[in-house]
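Asks: Quick one: sequence and predicted model below, then my questions.
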Amino acid sequence: MELVILENTKKDYISGEINVPALRGINLSINAGRFISFVGPSGSGKTTLLNLIGCLDKPTEGKVFVAGTEISRMNRKTSAKFRGDNIGFIFQNFNLIPVLTVYENVEYPLIMVQDVPLEKRKKRILDLLEKVGMISQKDKYPAQLSGGQKQRVAVARALVTDPKLVLADEPTANLDHDTAYKVIALMHNMKKEFNTTFIFATHDPKIVGEAEAIYTIEDGLITKMQENKQPGVN
């Protein structure tokens with residue numbers, strides 16, 4: 001089933017009186033249950049593309065569909081509801097709330113976005129923290145965690161709403177080599193267990209090879225798509 005579809009999608013930004021094209025016409029189709037990487041240099045359009053798929057921004061032209069819904073023309077309130085129900089996010093800088101514990105950070109979307117009852121919340125959070133290897137750290141605060149531990153918490157938080165799609169923007173950029181591979185392996189395992197689609201953007205060539213399919217983006221265009229026959233083996 002096609003989970004993500006983009007049809008001639010363009011995005012321009014205005015800088016003073018200059019029109020700056022970020023995406024020049026993207027046509028893309030990604031099936032559910034895939035582990036996909038967008039790769040390209042800084043400024044190529046990777047983050048812009050993730051923002052459009054994540055319902056965080058709107059295209060200048062073209063259409064974006066996620067889970068059978070056209071999201072490119074939604075208003076702000078509808079977009080927020082759609083994101084909360086369907087999409088999880090993992091960020092380069094983790095974006096954990098410093099005054100909340102590990103448990104509370106994972107719990108936060110269930111309170112703010114989905115209003116899940118207490119007992120159901122507790123079971124879901126503890127199950128996920130166990131799966132990402134952070135159950136013993138559940139009462140610690142972000143400042144007490146390593147970068148790899150923070151990103152494990154971020155993975156749990158992204159999955160706690162049971163999203164169809166998880167978007168990760170440079171999820172390993174602030175991690176050392178070994179920790180980066182461990183986080184990608186964790187994402188692979190979560191993809192297999194929950195059949196969640198993962199799309200991540202990266203400029204790290206060592207991490208790119210862990211994806212099932214690799215889309216190269218240059219100057220706002222997809223210039224290459226390559227299937228990986230042995231993803232996640234390193």
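Replies: Structure's in. What do you need? Numbers count the residues shown, from 1 in each chain.
Asks: helix, strand or coil for the nearest residue to residue 90 once chain neighbours are set aside?
Replies: Nearest residue to residue 90, sequence neighbours excluded (C-beta to C-beta, 6 or more residues apart in numbering): residue 168, at 3.9 Å. C-beta coordinates here come from the backbone N, C-alpha and C atoms, glycine included. Using DSSP: H, G, I helix; E, B strand; the rest coil, the structure places residue 168 in strand.
Asks: Residue 41 reaches residue 204, doesn't it?
Replies: No: Residue 41 is beyond contact range of residue 204, at 11.9 Å (criterion: C-beta atoms under 8 Å).
Asks: Which parts of this protein are helices?
Replies: Under the criterion DSSP state H, helices of the chain are mapped to 46-53, 76-86, 102-112, 118-131, 147-159, 177-194, 205-208.
Asks: Including mean pLDDT, mean neighbour count and distance to residue 220, could those helices go into CSV?
Replies: Converted to CSV, those look like this (pLDDT from 0 to 100; neighbours: other C-beta atoms under 10 Å; distance: least, C-beta to C-beta, whole Å):
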stretch, mean pLDDT, mean neighbour count, distance to residue 220
helix 46-53, 96, 23, 8
helix 76-86, 93, 15, 23
helix 102-112, 94, 19, 31
helix 118-131, 95, 15, 36
helix 147-159, 96, 24, 27
helix 177-194, 91, 17, 26
helix 205-208, 75, 15, 19
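Asks: So in terms of bridging, what pairs with the residue nearest to residue 90?
Replies: Here residue 168 sits in beta bridges with residue 90, residue 200, going by DSSP bridges.
Asks: Looking at residue 41 and residue 204, which one has more neighbours?
Replies: When residue 41 and residue 204 are compared for neighbours, residue 204 comes out ahead with 18 against 11, by other C-beta atoms under 10 Å.
Asks: Residue 116 - nearest residue in space that isn't next to it in sequence?
Replies: residue 110 (4.2 Å).
Asks: any idea how far that neighbour is from residue 207?
Replies: Residue 110 sits 29 Å away from residue 207, going by C-beta to C-beta, to the nearest Å.
Asks: now residue 53
Replies: 19 Å.
Asks: how far away is the residue most central in space within the chain from residue 36?
Replies: When C-alpha atoms, centre = their mean is applied to the chain, the residue found nearest the centroid is residue 167 (1.3 Å). Separation of residue 167 from residue 36 (C-beta to C-beta): 10 Å.
Asks: For the residue nearest to residue 116, which residues are in contact?
Replies: Contacts here follow C-beta atoms under 8 Å, 6 or more residues apart in numbering; on that basis residue 110 touches 116, 121, 124, 125, 160, 161.
Asks: How about residue 132?
Replies: 152, 153, 155, 156, 186, 190.
Asks: Give me the pLDDT for it.
Replies: pLDDT for residue 132: 96.
Asks: again with residue 70
Replies: Confidence score, pLDDT, at residue 70: 96.
Asks: what do you get for residue 15?
Replies: Predicted confidence (pLDDT) for residue 15: 81.
Asks: Convert the C-alpha atoms of stretch 207-214 to CSV, please.
Replies: Provided in CSV are the C-alpha atoms of stretch 207-214 (Å, rounded to 0.1, in the frame of the first residue of the first chain):
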residue,chain,number,x,y,z
ILE,A,207,24.4,5.4,7.8
VAL,A,208,22.8,5.7,4.3
GLY,A,209,23.6,2.0,3.6
GLU,A,210,21.4,0.9,6.5
ALA,A,211,18.2,1.9,4.5
GLU,A,212,16.1,-0.3,2.3
ALA,A,213,16.0,2.3,-0.3
ILE,A,214,18.0,5.5,-0.8
